[in-house]
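Visitor: 3D model of this:
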Amino acid sequence: MGAVRSIGSYPAAQSLWAATAPAAAATPPLREDCGCDVLVIGGGFTGLSTALHLAQAGVSVCVLEAHEPGWGASGRNGGQVNPTFKHDPDELVRLMGDLAPPLIKAISESADLVFDLIALHGIDCHPVRGGWMQVSHNDAAVPALHRRAQQWQRWGAAVQALDHGEVVRRTGSEVFRGGWLDRRAGAVQPLAYVRGLAGAALGAGARIYGNSPVVMLERHDGRWHAITGGGARAVADQVVLATNGYSDGLWPGLAQTVLSANSFIAATRPLGDRAAAILAQGETLSTAQRLLLYLRKDHQGRLLMGGRGQFGDPRSADDYAHLERSLALLYPDLAPFEFEYRWGGRIAITRDFMPHVHQPAPGVTMALGYNGRGVAAATAMGRHLASLLTGGDAGRQAFPFPITQMSPIPLHGLQRFYISAGVAWYGLLDKFEASSRKRRR
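Guide: Numbers count the residues shown, from 1 in each chain. Sure, this is the predicted structure:
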């Protein structure tokens, strides 16, 4: 089979991460034909973690990336390292039965893997392990968040419920009524981290080629042939597709299995002592509402506010107004804020809010759909994919993620998700405004 891959055109706005990350290792384009055991298409967290762990196992591996490693969501996200799924353990057990425990264990250990890799390879990405808070502005939603903490506690996780006072102390905002804290979690500079993964993979013997978009993938004589836009050919026994929210027509139907949602981030100028009491232990924060906001500080004292936005890629500062308004409502005493960076990237959302793994043809494995949990989950996915590809029957039996058939989302072209999301923003902001008015009385 073969398919033309349309690269698409996405704005390359300067992000905070691009401005502050260490220089990337050299990954020149593929200019001559090459062969390998495993070809990885996509140079983000999934692809680079897969390549690193394969190379460490002695496997010959090549990575083809359409731009440069970390160009997509891996280098543009909020950098939260959260070892959870959208579903809690009880729900996973209900959905998966005896298959759930290995998956729960894999995701629970995913943050450990990230920070262990950072320490092992000396990755300069400003890692902080201050925990992640999920909070709500709504009193009625707090008991459900406390139940989330109780479920993870039963699985041995270092988590705790937070009342209103504790949330105020940690966030410096009166808006949130309560939530829970996952102490396993943390934060990284994501572009620096993904560049560090690339450097570690290169050091282990992997070959990584940037600016090498794959325009056709076809099978001849039992091997896969990937042809790049420059005309070079990579031949491999096995292929891993790790294109996530930037999946397109290379494999027919894959892009229709996820919704590629834009995630926008706005970063203030460094605030210094003005923001010293906000997330003072390096915590990160997400709201519990369906259309989430997320908040963190970087190593230079900037506040970063992120969340979903319009379906189209951002074109002007106006596209970030909902985030900037939200931050001012959370911290009116510090407003108005000066914003230094604004950027966005695409994450992949699945119908069941779980990562998807498919093997639609002999020698082809694809993994995508991290639903905003990609730093930890995609890194873990890469390690487990390497074991799956090298472990034979034992590796397949030990693989913790379900391997499923590709299933396109019905009416995918309508992207109805974004219509409801746009309405939800204004309702959420109205609630913040009401909370702020009440606090000022």
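Visitor: where do the strands sit along the stretch 1-150 of the chain?
Guide: The residue ranges that make up the strands of the stretch 1-150 of the chain, judged by DSSP state E, counting those that start in this stretch, are 34-41, 61-64, 80-81, 132-136.
Visitor: Deepest-packed of those strands, please.
Guide: Mean neighbour count (mean count of other Cβ atoms under 10 Å) peaks for strand 61-64 among those, with a mean of 28. Glycine gets a C-beta too; all of them are placed from N, C-alpha and C.
Visitor: on that earlier part again, now the strands of the stretch 1-150 of the chain in a markdown table, with mean pLDDT and distance to L389?
Guide: As requested, the strands of the stretch 1-150 of the chain are exported to a markdown table (pLDDT from 0 to 100; distance: least, Cβ to Cβ, whole Å):
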| stretch | mean pLDDT | distance to L389 |
| --- | --- | --- |
| strand 34-41 | 98 | 6 |
| strand 61-64 | 98 | 10 |
| strand 80-81 | 98 | 25 |
| strand 132-136 | 97 | 31 |
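Visitor: Which one, of the ones you listed, ends up nearest to D248?
Guide: strand 34-41 (11.2 Å; Cβ to Cβ).
Visitor: Let me know how buried the residue lying closest to G178 once chain neighbours are set aside is, in neighbour terms.
Guide: Of all residues not flanking G178 in the chain, V142 sits nearest, at 3.7 Å (Cβ to Cβ, 6 or more residues apart in numbering). A count of nearby residues for V142, using other Cβ atoms under 10 Å, gives 23.
Visitor: need the contact list for V142.
Guide: Residues touching V142, when contacts are defined by Cβ atoms under 8 Å, 6 or more residues apart in numbering, comprise S136, R177, G178, G179.
Visitor: any idea which of those has the most stuff around it?
Guide: With neighbours defined as other Cβ under 10 Å, the most crowded of the contacts of V142 is G179; it has 28 neighbours.
Visitor: Mind picking out the helix or strand in this protein with the poorest mean pLDDT?
Guide: Taking mean pLDDT, DSSP states H and E as the measure, the chain has helix 416-440 as its least confident helix or strand, at a mean of 51.
Visitor: Now do R308 against V114, distance only.
Guide: Applying Cβ to Cβ, to the nearest Å, the value for R308 to V114 is 24 Å.
Visitor: Between these two, tell me which one has more neighbours.
Guide: When neighbours are counted by other Cβ under 10 Å, R308 and V114 differ, and V114 comes out ahead with 29 against 25.
Visitor: Pretty sure the more buried one sits against T379.
Guide: Yes - the pair V114 and T379 passes the contact test of Cβ atoms under 8 Å, sitting 5.2 Å apart.
Visitor: May I have stretch 156-168 as PDB, with CA atoms only?
Guide: The C-alpha coordinates for stretch 156-168 follow below in PDB (Å, rounded to 0.1, in the frame of the first residue of the first chain):
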ATOM      1  CA  GLY A 156      -0.300   2.900  46.600                       C
ATOM      2  CA  ALA A 157       0.000   6.300  45.000                       C
ATOM      3  CA  ALA A 158       1.400   9.300  47.000                       C
ATOM      4  CA  VAL A 159      -1.700  11.500  46.700                       C
ATOM      5  CA  GLN A 160      -3.800  13.500  49.100                       C
ATOM      6  CA  ALA A 161      -7.200  15.300  49.200                       C
ATOM      7  CA  LEU A 162      -7.000  19.100  49.500                       C
ATOM      8  CA  ASP A 163      -9.600  21.300  51.200                       C
ATOM      9  CA  HIS A 164     -10.300  24.900  50.300                       C
ATOM     10  CA  GLY A 165      -7.700  26.300  52.700                       C
ATOM     11  CA  GLU A 166      -4.900  24.100  51.400                       C
ATOM     12  CA  VAL A 167      -5.700  24.900  47.800                       C
ATOM     13  CA  VAL A 168      -5.700  28.600  48.600                       C
END
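Visitor: T379 sits in which helix or strand?
Guide: When secondary structure is defined using DSSP states H and E, the element that contains T379 is helix 374-390.
Visitor: Check the burial of G172 by counting its neighbours.
Guide: Applying other Cβ under 10 Å, we find 17 other residues in the vicinity of G172.
Visitor: need the contact list for it.
Guide: For G172, the contact set (Cβ under 8 Å, 6+ apart) comprises A275, A277, I278, L279, Y331.
Visitor: again, 7 Å this time
Guide: With contacts defined as Cβ atoms under 7 Å, 6 or more residues apart in numbering, the neighbours of G172 are A277, I278, Y331.
Visitor: Mind giving me the ChimeraX command for buried ones among those?
Guide: For anyone working in ChimeraX, the buried entries among these, judged by 16 or more other Cβ atoms under 10 Å, can be selected with:
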select :278,331
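Visitor: any chance of the contacts of G172 in JSON lines, plus secondary structure and pLDDT?
Guide: As requested, the contacts of G172 are arranged in JSON lines below (DSSP: H, G, I helix; E, B strand; the rest coil; pLDDT from 0 to 100):
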{"residue": "A277", "secondary structure": "coil", "pLDDT": "94"}
{"residue": "I278", "secondary structure": "coil", "pLDDT": "97"}
{"residue": "Y331", "secondary structure": "coil", "pLDDT": "96"}
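Visitor: And the contacts of G172, which is closest to V38?
Guide: Proximity to V38 was ranked across these by Cβ to Cβ; first place goes to I278, at 44.4 Å.
Visitor: For L181, what is the enclosing helix or strand?
Guide: L181 belongs to strand 178-182, assigned by DSSP H and E.
Visitor: For C34, give its distance to N244.
Guide: 24 Å.
Visitor: Please read the previous query as pertaining to L54.
Guide: With distances defined as Cβ to Cβ, the gap from L54 to N244 amounts to 18 Å.
Visitor: Show me the helices in the stretch 151-300 of the chain, by range?
Guide: Under the criterion DSSP state H, counting those that start in this stretch, the stretch 151-300 of the chain carries helices at the ranges 164-171, 190-204.
Visitor: Between the ones you listed, which one is closest to A321.
Guide: helix 164-171 (22.1 Å).
Visitor: Quick check: which ranges of the chain have low pLDDT?
Guide: 1-13, 290-291, 310-312, 411, 413-441 (pLDDT under 70).
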